[in-house]
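*Asks:* The following comprises the amino acid sequence and a computationally predicted model.
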Amino acid sequence: MTFLYIIVGLVLIFDFINGFHDSANSIACVVSTKVLSPFAAVAMAAFFNFIAFVIFEPRVAATVGKSVVEPDVINMNVIGAAVVAAITWNLLTWWWGLPSSSSHTLVGGLIGAAIVSSGFGSVMASGVIKIVAFIFIAPVLGFMFAHFLSSMIMWIFRKTPPSVVDKLFRKLQLVSASAFSLGHGANDAQKSMGIILLALILSGHATKESAIPMWVVLSCQSAIALGTLFGGWRIVKTMGQKITKLKAFEGFCSETAGAVSIAVATHWGIPVSTTHTITGAIMGVGARKGASAVKWGVSRKIFIAWIVTIPVSGLVGGVMYLFFNWLN
């Protein structure tokens, strides 16, 4: 029972770190376009992070808790190792200013620990393939939708004075930023709910058919919202300034494209990366202005971080599992 409490505590710490690590995704556009001050932006993002559970069903939590590894063949050490691996990689990428995926570091840690514990048979290939596929699908969707939306807006307002367009989209960006924060709170907090549910199943406090307890929902939503309040300013700079320069309507297009993509994925129970989605969307609006408008050197570093996240987290998760076993 004591170890279950430790696991829950670690998961909530991860959720908190996830909040300040990924808050940059929610607020980078609205801060870089100077529509909101950093403090106002994180306060807004935290609020919508928290209320997300009211709107979205916990389908992503079910995927993480029941469709990545077999609950019957793993133990609590696996869960603890996975969460420690996720926390480690999140802190490192935050320090380096790289917008990596909190989703995939958690999945990677879980896979690595499960393989060391019980072999490759403990990994549910169908669930993992779906998650890995969206490493590539999510940014492409964000890129295409944002590129199309920004091109369409440019055509619709082609005869409108730029000052009028800017004033309109500075207001609309409040809506798009809120929508993106809502999607972030739904998809990301649910991953932590899934891990706690898995721990409850393993400890005999829940079954595979159990609904997620409300205390788990509220704890995870609160942790990610509090983390968002602290902000991830290093990553804000990368997302909002180093990839491409954004105008208000471009920030609106990026956030709207990201929000729609995440909402669709959350509805289908797919744990996608908000980082991947918004980065692809920002690149999409930048590419509309020409290839030179996107700083591809920065983008390449981000892509590398995406690709290595699951393998590195898996390696750390495996090592941490051996360490926990040694302690026991």
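*Replies:* Arrived safely, thanks for sending. Everything numeric in this text was worked out from a predicted model, so none of it was measured.

*Asks:* just the helices in the stretch 51-200 of the chain please.
*Replies:* In the stretch 51-200 of the chain, the helices defined using DSSP state H, counting those that start in this stretch lie at 59-66, 76-96, 102-118, 125-156, 162-202.

*Asks:* Need the ones you listed in CSV (columns: mean neighbour count).
*Replies:* C-beta coordinates here come from the backbone N, C-alpha and C atoms, glycine included. What follows is those, written out as CSV (neighbours: other C-beta atoms under 10 Å):
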stretch, mean neighbour count
helix 59-66, 23
helix 76-96, 23
helix 102-118, 28
helix 125-156, 18
helix 162-202, 23
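
*Asks:* Tell me which of those lies nearest to residue 281.
*Replies:* Residue 281 sits nearest to helix 125-156 of all the helices of the stretch 51-200 of the chain, at 3.7 Å, using C-beta to C-beta.

*Asks:* shaky segments in the stretch 201-328 of the chain?
*Replies:* 231-245, 290-302, 328 (pLDDT under 70).

*Asks:* Low-confidence stretches in the stretch 51-200 of the chain?
*Replies:* In the stretch 51-200 of the chain, residues with pLDDT under 70: 65-66, 97-99.

*Asks:* okay, the helices of the stretch 51-200 of the chain in TSV with distance to residue 51 next?
*Replies:* Shown next, in TSV, are the helices of the stretch 51-200 of the chain (distance: least, C-beta to C-beta, whole Å):
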stretch	distance to residue 51
helix 59-66	16
helix 76-96	24
helix 102-118	20
helix 125-156	23
helix 162-202	7
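
*Asks:* which one of these lies closest to residue 285?
*Replies:* Closest to residue 285 of the helices of the stretch 51-200 of the chain is helix 125-156 (C-beta to C-beta; 4.5 Å).

*Asks:* if we can go back for a sec, wait, which of the helices of the stretch 51-200 of the chain is closest to residue 272?
*Replies:* Going by C-beta to C-beta, the one of the helices of the stretch 51-200 of the chain nearest residue 272 is helix 125-156, 4.6 Å.

*Asks:* Just want the angle from that closest one to helix 59-66.
*Replies:* Comparing the axes of helix 125-156 and helix 59-66 via axes from the mean of the first three to the mean of the last three C-alpha atoms, to 10 degrees yields an angle of 150 degrees.

*Asks:* ok so, going back, identify whichever of the helices of the stretch 51-200 of the chain lies nearest to residue 9.
*Replies:* Comparing the helices of the stretch 51-200 of the chain by C-beta to C-beta, helix 76-96 comes nearest, at 9.5 Å.

*Asks:* what's the angle between that closest one and helix 102-118?
*Replies:* 140 degrees.

*Asks:* Ok, which of the helices of the stretch 51-200 of the chain comes nearest residue 42?
*Replies:* Nearest to residue 42, of all the helices of the stretch 51-200 of the chain, is helix 162-202, at 9.6 Å by C-beta to C-beta.

*Asks:* just to revisit the earlier point, so which of the helices of the stretch 51-200 of the chain gets nearest residue 257?
*Replies:* Between those, helix 125-156 lies closest to residue 257; by C-beta to C-beta that is 3.7 Å.

*Asks:* thought residue 29 was touching residue 255?
*Replies:* Yes: Residue 29 lies in contact with residue 255 (C-beta atoms under 8 Å); the separation is 5.4 Å.

*Asks:* Next, show the common contact partners of the two.
*Replies:* Shared contacts of residue 29 and residue 255, defined by C-beta atoms under 8 Å, 6 or more residues apart in numbering, are found at 173, 176, 177, 278.

*Asks:* Which of those sits closest to residue 228?
*Replies:* Looking across the shared contacts of residue 29 and residue 255 and measuring by C-beta to C-beta, the closest to residue 228 is residue 177, at 12.3 Å.

*Asks:* Now do the residue lying closest to the closest one once chain neighbours are set aside: how many residues are near it, please.
*Replies:* Among residues not flanking residue 177 along the chain, residue 30 sits closest, at 4.2 Å (C-beta to C-beta, 6 or more residues apart in numbering). By other C-beta atoms under 10 Å, the residues close to residue 30 number 31.

*Asks:* Quick one: mean pLDDT over the helix or strand where residue 30 lies.
*Replies:* Secondary structure assignment for residue 30, by DSSP states H and E: helix 2-32. Helix 2-32 shows a mean pLDDT of 81.

*Asks:* Buried residues in it, which are they?
*Replies:* 3-4, 7-8, 10-32 (16 or more other C-beta atoms under 10 Å).

*Asks:* rewinding a little: to residue 305, which of the helices of the stretch 51-200 of the chain lies closest?
*Replies:* helix 76-96 (6.1 Å).

*Asks:* Specify the angle between that closest one and helix 162-202 in degrees.
*Replies:* 160 degrees.
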